[in-house]
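**Student:** Below: sequence and its predicted model.
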Amino acid sequence: MMANNTVLITGGAKRIGHATAKYLHGFGYNIIITYNKSVADAKKLAQFLNNKRADSCKILKVSFTPKTNFNKLSKDFIKLFGRVDVLVNNASQFYPTKIHEVNNKNWDDLINANLKSPLFLSQCLSKELKKRKGCIINIIDIHIDPPLKDHVVYNISKAGLLALTKSLAKELAPSIRVNGVSPGAIMWAVSDENKSSKKKEILSRIALRKSGNPLDIAKAVKFLITDAEYITGQNINVDGGRKLNM
Ligand SMILES: NC(=O)c1ccc[n+]([C@@H]2O[C@H](COP(=O)([O-])OP(=O)(O)OC[C@H]3O[C@@H](n4cnc5c(N)ncnc54)[C@H](OP(=O)(O)O)[C@@H]3O)[C@@H](O)[C@H]2O)c1
């Protein structure tokens, strides 16, 4: 992968996507960020990166809904820099749905953001990625196996994303490599930020006894892009050893 190659990161205005964008930009990549509600954060990040290197970051407002036109969207992405070399499916919805709470609305919401969008973006960008000998990286979650209690739809969406990763790795080979990165406790969900006993309990089950950093995910993504020519269909858990005690 060479400088001026373009990485598209969905939901990259904040948190893990933001850190990944900044990190990859430091290696010479052009960056496309999609944002939905976080317009101010997206603009600030673009300004920061464009100050470092002119015209190196572009942002696009994208809301993944049942009506999203992925074909048109993919053409819009390619137009921004004339190419897309890497697709990072990072955008995600995360909240509990106990079994009796599951309904069409939260099903559509979670499945659209976490599973349907990665599938259709991969489909619509596959010709472009093939041309560029590019790759797809899906940001999954260690919690799909074992599943997270009371999060049935989220679990399904992320388990589906792992199945998608492996299916696409087979189907798009040998031109496009497709891999997953599964974060453990990297950034607390906004709803958990003030729950100190819950955080303590989670930390006690992490072998390395600390939460991770968004940069840990960014580094795994960078590895899969630049140093993993012979790796496809894999899922890397970046979790400080949490899976050892799940
Ligand atoms: N945080 C962790 O420790 C952790 C743990 C396990 C897995 N993960 C996975 O790692 C990835 C990044 O995590 P994160 O915590 O940084 O993510 P996040 O903050 O929960 O979400 C990332 C972005 O996704 C965008 N998004 C959500 N729904 C959307 C929709 N329907 N249409 C368009 N954009 C949408 C949002 O953009 P706007 O803000 O612009 O609306 C949001 O900023 C996710 O895939 C997550 O599931 C994270």
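**Tutor:** That came through fine. Numbering: from 1, shown residues only.
**Student:** now check stretch 124-142, is it near the ligand?
**Tutor:** Yes. Part of stretch 124-142 sits close enough to the ligand to count as contact by C-beta under 6 Å from any ligand atom, namely 139, 141. Every C-beta, even on glycine, is put in place using the N, C-alpha and C of the backbone.
**Student:** Quick check: residues of this structure near the ligand?
**Tutor:** Near the ligand, the residues belonging to the chain are 11, 13-17, 35-38, 62-64, 90-94, 112-113, 139, 141, 183, 185-187 when assessed by C-beta under 6 Å from any ligand atom.
**Student:** Which among the residues you listed count as buried?
**Tutor:** Neighbour counting by 16 or more other C-beta atoms under 10 Å classes 11, 13-17, 35-36, 38, 62, 64, 90-94, 112-113, 139, 141, 183, 185-187 among those as buried.
**Student:** From the residues of the chain next to the ligand, which land in helices?
**Tutor:** Taking DSSP state H as the definition of helices, these contribute 15, 16, 17.
**Student:** What average pLDDT does stretch 136-155 get?
**Tutor:** Averaged across stretch 136-155, pLDDT comes to 96.
**Student:** For the ligand, what's the nearest residue on this protein?
**Tutor:** Closest approach of the chain to the ligand (C-beta to the nearest ligand atom) occurs at residue 11, with a separation of 2.7 Å.
**Student:** residues contacting the spatially closest residue to that residue that is not a sequence neighbour?
**Tutor:** In this structure, residue 11 finds its nearest non-sequential neighbour in residue 91, 2.9 Å apart by C-beta to C-beta, 6 or more residues apart in numbering. The neighbourhood of residue 91, defined by C-beta atoms under 8 Å, 6 or more residues apart in numbering, consists of 10, 11, 17, 34, 36, 64, 113, 117.
**Student:** Good, we can wrap up now.
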